[in-house]
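Asks: below are the sequence and a predicted model for it; my questions follow.
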Amino acid sequence: MDKATVLKVVKLARIGIHEDKVEHYVRELSGIMDVIEELKGADTTGLEPLVNVNEFALPLREDAVTDGNCVEKVLYRSYLKNPTFEICERNKLHQKIVRLI
C-alpha cells in the first residue's frame, strides 16, 4: 500500500484526513492487507461456510399479518385523536418530532 493508493481510497470513501496522517494510514492499511494475505494462505478444506459463528437456530413464528390491536396505546400522547390516525399540521409535527428527539 502506498501513499497514492491511500489518497485514492480516501477520495473514493469521501473521507477527509490531514496530510500529516497519510503515512500513518499507509502503515495501518498495509498491516490490514498483510493480515488478509495471511488469511488467504489458511487451509479451509472440509470447513462448512458459517452464516453465524454461534450457529444457533432462530425461533420461528407464524407468518401472519396482525394490526397489533393497540390504537389507543399508539395515540395515547396525541393531541388530536381519531380512531384510525392522527391529524397534525406540518409545523406542529416538526415540533413534536424535535421534542421526541
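Replies: Okay, I see it. Numbering: from 1, shown residues only.

Asks: next helix or strand past the lengthiest helix in the chain?
Replies: Longest helix in the chain, counting residues (DSSP state H): helix 22-40. Following helix 22-40 in sequence order, the next helix or strand is helix 71-74 (DSSP states H and E).

Asks: mean confidence for that next one?
Replies: What helix 71-74 shows for mean pLDDT is 72.

Asks: distance between it and the chain's centre?
Replies: The chain centroid and the centroid of helix 71-74 are separated by 29 Å under C-alpha atoms, centre = their mean, to the nearest Å.

Asks: before we move on, what about stretch 58-68?
Replies: Counting by C-alpha atoms, centre = their mean, stretch 58-68 comes out at 24 Å from the chain centroid.

Asks: can you give me the pLDDT of the most centrally placed residue in the chain?
Replies: Ranked by distance to the mean C-alpha position of the chain (C-alpha atoms, centre = their mean), the top residue is Ala13 at 16.2 Å. pLDDT recorded at Ala13 is 91.

Asks: tell me how many other residues surround Lys8.
Replies: 11 (other C-beta atoms under 10 Å). For the C-beta atoms, the positions are set from N, CA and C on the backbone; glycine is no exception.

Asks: sorry, slip of the keys, the one I care about is Glu37.
Replies: 9.

Asks: now Leu29, nearest residue through space, not along the chain?
Replies: Nearest residue to Leu29 in three dimensions, chain neighbours excluded: Met1, at 4.7 Å (C-beta to C-beta, 6 or more residues apart in numbering).
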